[in-house]
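Asker: Only the shape, not the letters, is given here:
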């Protein structure tokens, strides 16, 4: 189970190792109690920061960006021998997040452009072999993690920013809960068996229904928007969450790894939690800016 739209189908198979069977921790293939504990803990931390001082959310995003960047760069290095220019990507990622707070899109775009330039120059010391490969991967990491995550930070900038972040969280949680429940109980038809065998159309439908309902209530009650705007937001977030999950599944299959890291029990690495949140943050910021002007 992960937050952000994974719809799992039952999988009763067991891995064999050393002549014995290793039991699957849950029908979704994860340690469910640990996953739930981590999910509630992270959600509680974010909600607590929003209640105490909404701008602390920017700090949480910045920390998550740094950890996820290191995880993704490490996975690329270990599995494929790709060297991400980690220093400029880490520093540039922090610049994107923190400059998007006071300067919003202008600060974000400027920081991203400077980060790309820094990656091009930093890689000079590595010589010609693999230059295009390493720089391309560095730009990909900078765009996939800090650039996307900065849209989540920008949610908290307006006066009603706390409620915008809460709407984002509610949409993600409802999508995940609906998808997980429907996928485990009803999942029979794989959505993309060659990419993510456990993702089902039934789970996607559950995500869609729960995400649209939760977002409709959140937008109308917290931001005083129209219910249909919440429905559109929920549907769009479920779509981008699913795409984000499939993208990371493709990356991990290409690299031949199961998880990006081991930081979070029951989930793998932090990047394994952010895969569907990152593109969803972009959609949440865009649609909420359009539907509920600050």
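Answerer: Sure thing, it's come through. On a predicted model such as this, the values are computed, not experimentally measured, just so you know.
Asker: what are the ranges of the strands in the stretch 151-294 of the chain?
Answerer: 190-192, 196-200 (DSSP state E, counting those that start in this stretch).
Asker: Residue 57: which of these is closest?
Answerer: The minimum distance between residue 57 and these falls on strand 196-200, with 29.5 Å, by C-beta to C-beta. Every residue, glycine included, has its C-beta placed from N, CA and C.
Asker: Which positions in that closest one come out as buried?
Answerer: 196, 198, 199, 200 (16 or more other C-beta atoms under 10 Å).
Asker: helices or strands up against that strand?
Answerer: helix 161-186, strand 190-192, helix 227-255 (3 or more C-beta pairs under 8 Å, 6 or more residues apart in numbering; DSSP states H and E).
Asker: The same query, at a cut-off of 7 Å, please.
Answerer: Where contact means 3 or more C-beta pairs under 7 Å, 6 or more residues apart in numbering; DSSP states H and E, strand 196-200 is packed against strand 190-192, helix 227-255.
Asker: looking at these, which is closest to residue 128?
Answerer: The closest of those to residue 128 is helix 227-255. By C-beta to C-beta, the value is 24.2 Å.
Asker: pLDDT at residue 221, what is it?
Answerer: For residue 221, the pLDDT comes out at 96.
Asker: And for it, the neighbour number?
Answerer: Applying other C-beta atoms under 10 Å, we find 14 other residues in the vicinity of residue 221.
Asker: which residues touch it?
Answerer: Residue 221 is in contact with no residue at all, counting by C-beta atoms under 7 Å, 6 or more residues apart in numbering.
Asker: Show me where the protein has its helices.
Answerer: 32-52, 56-80, 86-122, 131-142, 148-154, 161-186, 201-222, 227-255, 271-274, 277-291 (DSSP state H).
Asker: Please convert those helices to a markdown table, extending it with distance to residue 192.
Answerer: A markdown table is the format used below for these (distance: least, C-beta to C-beta, whole Å):
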| stretch | distance to residue 192 |
| --- | --- |
| helix 32-52 | 22 |
| helix 56-80 | 21 |
| helix 86-122 | 29 |
| helix 131-142 | 21 |
| helix 148-154 | 21 |
| helix 161-186 | 13 |
| helix 201-222 | 10 |
| helix 227-255 | 6 |
| helix 271-274 | 17 |
| helix 277-291 | 16 |
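Asker: Comparing the ones you listed by mean pLDDT, which bottoms out?
Answerer: helix 32-52 (a mean of 72).
Asker: I'd guessed residue 101 sits against residue 153; true?
Answerer: Yes. Between residue 101 and residue 153 there is a contact under C-beta atoms under 7 Å: 5.9 Å.
Asker: still on that earlier bit, nearest to residue 117 among the strands of the stretch 151-294 of the chain would be which one?
Answerer: Nearest of the strands of the stretch 151-294 of the chain to residue 117, taken as C-beta to C-beta: strand 196-200 at 35.4 Å.
Asker: now the closest one: how far from the chain's centre is it?
Answerer: 18 Å (C-alpha atoms, centre = their mean, to the nearest Å).
Asker: Pick the most deeply packed of the helices and strands packed on strand 196-200.
Answerer: helix 227-255 (a mean of 21; mean count of other C-beta atoms under 10 Å).
Asker: in stretch 121-133, what counts as buried?
Answerer: By neighbour count on 16+ other C-beta under 10 Å, the buried set for stretch 121-133 is 122, 123.
Asker: Can you give the distance of it from its chain's centre?
Answerer: With C-alpha atoms, centre = their mean as the basis, stretch 121-133 stands 29 Å off its chain's centre.
Asker: How about residues contacting it?
Answerer: For stretch 121-133, the surrounding residues in contact (C-beta under 7 Å, 6+ apart) are 82, 83, 85, 87, 88, 134, 135.
Asker: follow-up on the earlier one: out of the buried residues of strand 196-200, which is nearest to residue 252?
Answerer: Nearest to residue 252 out of these is residue 196 (C-beta to C-beta; 9.6 Å).
Asker: which one is that closest one nearest to, not counting chain neighbours?
Answerer: Leaving aside its chain neighbours, residue 196 sits nearest to residue 249 (4.3 Å; criterion: C-beta to C-beta, 6 or more residues apart in numbering).
Asker: So that neighbour versus residue 226, what's the distance?
Answerer: Plainly put, residue 249 is 35 Å away from residue 226 if you go by C-beta to C-beta, to the nearest Å.
Asker: is it true that the residue nearest to residue 196 touches residue 195?
Answerer: Yes. Under the criterion of C-beta under 7 Å, residue 249 makes contact with residue 195 at 5.1 Å.
Asker: and the helices and strands packed on strand 196-200 as TSV, adding distance to residue 41?
Answerer: Output for the helices and strands packed on strand 196-200, formatted as TSV (distance: least, C-beta to C-beta, whole Å):
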stretch	distance to residue 41
strand 190-192	29
helix 227-255	21
